[in-house]
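Colleague: Dropping a prediction and its sequence here:
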Amino acid sequence: MLVKVYGSAVFGVEATTITVEVNMAKGIAYNLVGLPDNAIKESSFRIAAALQNNTYKFPGKKITINMAPADLRKEGSAYDLTLALGILAASRQIKADDIDKYIIMGELSLDGSLQPIKGALPIAIKAKEEGFKGFILPSQNVKEAAIVSGLEVYGVDNILQVIKFFDKGEPLERTIINTREEFYNSLEHLEHDFADVKGQESIKRCMEIAAAGGHNIILIGPPGAGKTMLAKRLPSILPPMTLHEALETTKIHSVVGKIRENVGLMSQRPFRSPHHTISDVALVGGGAYPQPGEISLSHNGVLFLDELPEFKRGVLEVMRQPLEDREVTISRAKFTVTYPSSFMLVASMNPSPSGYFNDPNAPMTSSPAEMQRYLSKISGPLLDRIDIHIEVTPVPFEKLSEERKGESSVEIRKRVTSARQLQTERFRDFENIHYNAQMGVKQINAFCQLEAGSKQLLKTAMERLNLSARAYDRILKVSRTIADLEGAPNIQGNHISEAIQYRSLDREGWLG
């Protein structure tokens with residue numbers, strides 16, 4: 001007897017429906033075809049034990065299973081439940097008249113209980129697109145899949161529940177989530193707050209400008225100056241995610257199994273802080289079975305690289321293209337996948353190997369040659385892609401001991417959101433451009449017009465600091481954001497002056 005059961009494979013951040021054809025014939029054999037990996041080939045042992053421990057049996061017949069399309073590589077243990085149901089139905093141990101109306105996925109334990117799977121959200125989206133009635137999956141992933149409206153989503157803990165659902169008509173509990181209500185209720189929960197930061201008013205101003213225009217920023221200062229503390233609070237002043245952004249972000253995290261158990265839609269912008277020993281594949285994505293990297297997990301959020309010169313130079317260089325294109329394409333001989341990577345880069349670094357810069361009271365100092373060698377670990381092209389360079393100085397005791405709280409993230413976020421709304425309106429006719437940092441040459445020429453005085457000021461700075469054409473564009477973009485925060489229609493001289501100050505690493509004499 002031939003039975004068809006449906007599962008799904010995730011490739012990139014999109015799902016592809018897999019038809020599992022189970023044929024039962026005379027003889028004794030078990031043939032699994034359709035490019036399964038080792039985890040799928042081993043499934044027969046898990047399925048046999050799970051069936052035996054739930055009063056069913058693995059049939060002693062010639063079983064042929066084809067996973068179509070046969071030329072697409074299948075990977076992972078999430079097909080256990082799909083294969084098990086197909087074997088039971090093909091051997092007529094259960095009735096399964098409606099089994100072809102559902103996507104069925106789940107990893108089996110030997111006692112028949114189910115383990116969570118990866119990619120539940122893109123699978124659910126694809127199931128709805130292709131007109132399936134429902135999606136049966138482990139209960140740990142049910143909230144993630146239930147985000148998709150118009151699809152019946154059932155979370156189960158054991159294979160026995162699924163068997164009884166098809167064989168005896170015993171109902172499963174359907175999970176229904178009001179996605180919009182749940183999303184908007186959790187938007188205002190902020191884990192970190194700028195009110196906790198003492199002093200550092202100029203740095204807070206920089207972070208506000210960076211957030212308002214989506215600009216990349218690097219913080220340069222000695223140990224203990226508060227660089228990491230400030231970076232962790234940046235997501236709290238970014239505009240709240242839209243429902244579309246939340247869906248995009250959740251989809252990527254779902255593919256790599258990073259969604260917390262019993263969590264549906266991600267409502268907070270991601271903050272990723274990889275260690276400096278990270279490999280280039282872990283950062284940008286890829287591998288034998290392609291997976292999103294840290295830059296894609298930071299999509300719509302913040303990627304924080306602490307102690308930037310400690311990262312391997314080759315790892316940093318692979319970020320240059322994703323920083324410009326806001327996506328990363330992984331190309332191999334047999335496949336090409338594209339992952340979104342629209343993130344804000346926040347980097348921090350010490351100004352020298354010792355960590356101290358031009359400080360006569362420092363416990364140890366570095367020579368200008370050592371400092372130059374240390375800074376040269378970061379390439380000029382990468383620094384050019386970072387719009388704002390700012391020095392962070394240690395907070396004096398008087399500021400640290402103040403009891404007065406600083407301005408809260410909620411207040412700063414209001415100004416940032418207002419500036420972003422101006423930018424959204426400005427770029428409404430441009431596809432894939434939503435804020436100032438994404439402007440190309442065409443938009444810069446149209447929206448960053450300068451008066452004669454401002455143009456002369458910028459010309460002098462360019463010549464004196466020997467800035468590149470890319471740095472010129474960066475200054476104009478940051479100036480446009482400063483003007484937006486003030487609600488000014490045009491860029492003025494004070495906006496240009498402030499933007500030039502935020503190019504610390506370009507200034508002559510920075511090394512002392």
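Modeller: Yes, it's here.
Colleague: Which SSE is immediately downstream of the helix or strand bottoming out on mean pLDDT in the chain?
Modeller: Least confident helix or strand of the chain, by mean pLDDT, DSSP states H and E, is helix 397-400 with a mean of 69. On the C-terminal side of helix 397-400, the nearest following helix or strand under DSSP states H and E is helix 409-426.
Colleague: pLDDT on the helix or strand following that following helix, on average?
Modeller: Next helix or strand after helix 409-426 toward the C-terminus (DSSP H and E): helix 441-447. What helix 441-447 shows for mean pLDDT is 91.
Colleague: for helix 441-447, the distance to its chain's centre please.
Modeller: Averaged C-alpha coordinates place helix 441-447 at 29 Å from its chain's average position (CA atoms, centre = their mean, to the nearest Å).
Colleague: Can you name the residues in contact with that helix?
Modeller: 426, 427, 430, 433, 439, 473, 476, 477, 480 (CB atoms under 8 Å, 6 or more residues apart in numbering). (Glycine included, C-beta is placed from N, CA and C.)
Colleague: can I get these in TSV with distance to residue 412 and neighbour count?
Modeller: Shown next, in TSV, are the contacts of helix 441-447 (distance: CB to CB, whole Å; neighbours: other CB atoms under 10 Å):
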residue	distance to residue 412	neighbour count
426	21	19
427	23	18
430	27	14
433	24	19
439	23	23
473	26	17
476	24	23
477	20	24
480	19	27
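Colleague: out of the residues you listed, who's nearest residue 58?
Modeller: Relative to residue 58, the closest of the contacts of helix 441-447 is residue 433; by CB to CB it sits at 56.8 Å.
Colleague: contacting residues for the residue nearest the centre of the chain?
Modeller: For the chain, residue 297 is the residue whose C-alpha lies nearest the centre (CA atoms, centre = their mean; 2.2 Å). Each residue near residue 297 by CB under 8 Å, 6+ apart is listed here: 252, 253, 256, 258, 270, 272.
Colleague: Of those, just the buried ones, ChimeraX syntax please.
Modeller: Listed next is the ChimeraX selection for buried residues among the contacts of residue 297, using 16 or more other CB atoms under 10 Å:
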select :252,253,256,270,272
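Colleague: Sort out for me which of the contacts of residue 297 are in strands.
Modeller: residue 272 (DSSP state E).
Colleague: how about JSON lines for the contacts of residue 297, with distance to residue 58 and pLDDT added?
Modeller: Converted to JSON lines, the contacts of residue 297 look like this (distance: CB to CB, whole Å; pLDDT from 0 to 100):
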{"residue": "252", "distance to residue 58": "37", "pLDDT": "94"}
{"residue": "253", "distance to residue 58": "36", "pLDDT": "93"}
{"residue": "256", "distance to residue 58": "32", "pLDDT": "91"}
{"residue": "258", "distance to residue 58": "34", "pLDDT": "87"}
{"residue": "270", "distance to residue 58": "43", "pLDDT": "93"}
{"residue": "272", "distance to residue 58": "43", "pLDDT": "95"}
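Colleague: Closest to residue 388 out of the contacts of residue 297?
Modeller: Closest to residue 388 out of the contacts of residue 297 is residue 272 (19.6 Å), distances taken as CB to CB.
Colleague: Who are the contact partners of the nearest residue to residue 133 once chain neighbours are set aside?
Modeller: For residue 133, ignoring the flanking residues on the chain, the nearest one in space by CB to CB, 6 or more residues apart in numbering is residue 101 at 4.1 Å. The contact partners of residue 101, taken as CB under 8 Å, 6+ apart, are 132, 133, 134.
Colleague: what's the burial count for the residue lying closest to the last one once chain neighbours are set aside?
Modeller: Closest residue in space to residue 134, ignoring its immediate chain neighbours: residue 152 at 3.5 Å, by CB to CB, 6+ apart. By the criterion of other CB atoms under 10 Å, residue 152 has 17 neighbours.
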